[in-house]
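# Prediction below, plus the sequence it came from.
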Amino acid sequence: MDQQLVHPLVTQALQQFGIRHEVVPVDPEYADTAQFCARYGFPLETSGNAIIVTSTRGPKQFVACVVAATMRLDVNHAVRRLMGASRASFASPEETVELTGMAIGGVTPLGLPPSLPIYVDETIRGLEYVMLGSGTRRSKIKTWPEELAKVPSVTFVQGIGMASTGRV
């Protein structure tokens, strides 16, 4: 099992892009967003969930999306349109790990392959700070929304997040 606090690709991206951040150590049992927030006292509203989406028809393509944990990702409309795909779905855990090299529960927009488009919901910009995965289940990265714009493949977009149904 990976014992590193932060995935090496994430560490490299943080340094390469000069992203201001703090590393928050986490018990891996509490790495999932809701459990993390409850255990460590961070508001759910300040957490960003990174989700890999894939096309399900035509040539296989992937994108990464980040939405606030209080929202859900509009895969069937907004993300599908951004991808230019006729159908899209959440990537499987196996596809996610293969594409990112990161642990499920630790996927982050930091350290992803440079060719992978990253769409961040515009509402993230309104947060005081955002808690993101670190590529492992052993920590979270606390950063500020404007820092995400330093990642060349990040595009802030309106409307990929929708009101949540209560699930995280």
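Nice, thanks for sending it over.

# quick one: the helices in the chain?
For the chain, the helices defined by DSSP state H cover 8-16, 33-40, 80-83, 93-100, 145-148.

# Now do the buried residues in the third one.
So the one you mean is helix 80-83. By 16 or more other CB atoms under 10 Å, the buried positions in helix 80-83 come out as 80, 82-83. For the C-beta atoms, the positions are set from N, CA and C on the backbone; glycine is no exception.

# and the lowest-mean-pLDDT helix or strand in the chain, which strands flank it?
Least confident element among the helices and strands of the chain, by mean pLDDT, DSSP states H and E: strand 161-163 (a mean of 88). Sheet pairing of strand 161-163 (DSSP bridges) gives strand 71-73 (antiparallel).

# Give me the residues contacting the strand it pairs with.
49, 51, 53, 65, 67, 79, 90, 121, 123, 160-165, 167 (CB atoms under 8 Å, 6 or more residues apart in numbering).

# pLDDT averaged over that strand - what is it?
Strand 71-73 comes out with an average pLDDT of 93.

# and the residue positioned nearest the centre of the chain, what are its bridge partners?
Residue closest to the average C-alpha location in the chain (CA atoms, centre = their mean): A50, at 1.8 Å. Beta bridges link A50 to V66 when assigned by DSSP bridges.

# Q4 and R138 touch, don't they?
Yes: because the distance of 7.1 Å satisfies CB atoms under 8 Å, Q4 is recorded as touching R138.

# Compare the two and say which is more crowded by neighbours.
Counted by other CB atoms under 10 Å, Q4 and R138 do not tie: R138 has more neighbours, with 21 against 13.

# Thanks a lot, catch you later.
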